[in-house]
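Q: Could you look at this predicted model? Sequence included:
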Amino acid sequence: MNFLCPSCRTPLPPPGANQTAGCTQCGVVVDLTGIDTAPGQARLWPQIDLASETLGGFKLDRTLGAGGMGAVYAATGPTGAQVAVKVLSPLLAAEPGLRERFRREAHALRAINHKGVVRILDEGEERGFCWYAMERIDGADLREVLKKGRMSTVDAEKLARALLEALVAVHDAGLVHRDIKPGNILLAADGPKLCDFGIARFDGQSTLTESAAILGSLRYMAPEQRWGKSGPLSDLYGIGVVLHEALYGGVPGEVATEGKVPEWMTDFVTLMVSARAEDRPNSARAALKVLAIYKSRRRRIVLTALGMLVFSGLIAGGALYGPSMRRAKEVELPPPPPVRVAPVVLEVADAGAVVEVEVFDAGIPVVEVVVPPPPKPAVKTAPPKGKSKKPSKLAPPKGG
């Protein structure tokens, strides 16, 4: 059993006579007997590396990651299945109430059967270590993907829908994730999956050991959560911050909402990261509906144009239809929500092509206008040889 530095995860040297070990990488002094402080230096409990050991019949092969809540190991199950095992940090497990809540949460998560939530296979406590085994996802997490660049609006919308649908199942089970961030969103072949849940249940209890549980996650926390209160709306805030980072390259306050992102998506993200919980959608289900409503503001008018001159003339005339229109069909829409109206955006293609006009005005009906193609020019044909051309009926008679 090896000890790792709780700050930089470097293996610690053997302890001295006073049972402390100084990290050779970052210089932190780690107290192997408990928590203590010394003037000018922090003395902390170390993380424990359980690689090559066994818990509940699961052989822990190697460490996949570690954080304030504990460590996750790649493991092999009793039947040879490849799984992941989460082990609660010994620092947190030292509190009996926290161990019980960890066990209850693992038991509740086993009852959630949703493709957007990592499945819990087994849980237990052995030799003072609290653990649970879960399905292993070999895909990268969202953090690794975002290092390569921003997401498109289409991909961000799909991500938002998948996460909100997963949160509906989580919240219906009486749980709150409490730690939604890119590193806790695994990108599996069948879609994103939430993992690494916080240990607090949404049962009216105050959160415990908040500083340990949220280590490194402050940028994604709702304002009320920083004061020790968390609920379903705190998870919505976390999704909003994740979307903000995916679309704009950083969290709110660090980067502006600039770039080629439609206004309806910007408005949705802004709503999700509202500082006051009461200003956000009141549930994950409501957030899904709001997302659909905001997207529905994007109306399209498709024109089959005579050409650039005709289309430009229609715009200059102040209307999108006129005498040359063959048919116009008005489509009734449900009344829009009271949202800010953005300017009309026109996308013009080459002459003779289909032109899409994107209208973000929430107060007008959709009008589909089809303009007839230009008339084909008359084709002159020569008269047959040997035959005289008959006079036109409209021509005056000779000599008249």
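A: Good, I have the coordinates.
Q: Burial check on Ala108, number of neighbours?
A: Residues within reach of Ala108, counting by other CB atoms under 10 Å, total 16. Where you see a C-beta, it was placed from the backbone N, CA and C, and this is true even at glycine.
Q: For the residue lying closest to Pro223 once chain neighbours are set aside, which three-state class applies?
A: Computed as CB to CB, 6 or more residues apart in numbering, the closest residue to Pro223 that is not its neighbour in sequence is Ala275, at 5.4 Å. Under DSSP: H, G, I helix; E, B strand; the rest coil, Ala275 falls in the coil class.
Q: With Ile239 instead?
A: The three-state label given to Ile239 by three-state DSSP is helix.
Q: for it, what are its contacts?
A: Neighbouring residues of Ile239 by CB atoms under 8 Å, 6 or more residues apart in numbering: 160, 163-164, 167, 180, 272, 287.
Q: Where is pLDDT lowest across these?
A: Minimum pLDDT across the contacts of Ile239 is recorded for Ile180, with 92.
Q: List the buried residues of the longest helix that the chain contains.
A: Longest helix in the chain, counting residues (DSSP state H): helix 153-172. Buried residues in helix 153-172, counted by 16 or more other CB atoms under 10 Å: 153, 156-157, 159-171.
Q: Now do the same for the closest residue in space to Ser274 that isn't next to it in sequence: its pLDDT.
A: Residue nearest to Ser274 in three dimensions, not counting chain neighbours: Arg280, with 5.0 Å by CB to CB, 6+ apart. We have a pLDDT of 96 for Arg280.
Q: My guess is Ala173 contacts His114. True?
A: No. With contacts counted by CB atoms under 8 Å, Ala173 stays clear of His114, the gap being 9.4 Å.
Q: For Tyr220, state which of the buried residues of helix 153-172 is nearest.
A: Ranked by distance to Tyr220 (CB to CB), those are led by Leu163 at 12.6 Å.
Q: which residues of the stretch 251-400 of the chain score low on pLDDT?
A: For the stretch 251-400 of the chain, residues meeting the criterion pLDDT under 70 lie at 298-400.
Q: Distance check, the residue nearest to Ser274 against Ala286.
A: 9 Å (CB to CB, to the nearest Å).
Q: Around Cys8, how many other residues sit close by?
A: The burial count for Cys8: 12, using other CB under 10 Å.
Q: With Asp138 instead?
A: Residues within reach of Asp138, counting by other CB under 10 Å, total 9.
Q: Name the residues of stretch 168-185 that are buried.
A: Those would be 168-171, 173, 175-185, for stretch 168-185 by 16+ other CB under 10 Å.
Q: wait, what's in contact with the closest residue in space to Cys5 that isn't next to it in sequence?
A: Closest residue in space to Cys5, ignoring its immediate chain neighbours: Cys23 at 4.1 Å, by CB to CB, 6+ apart. By CB under 8 Å, 6+ apart, the residues touching Cys23 are 5, 7-8, 10, 12, 29-30.
Q: ok, now how distant is Cys23 from Val251?
A: Using CB to CB, Cys23 is found at 29 Å from Val251.
Q: which SS class is Leu121?
A: Once three-state DSSP is applied, Leu121 turns out strand.
Q: Contact partners for it?
A: 77, 83, 110, 132-135.
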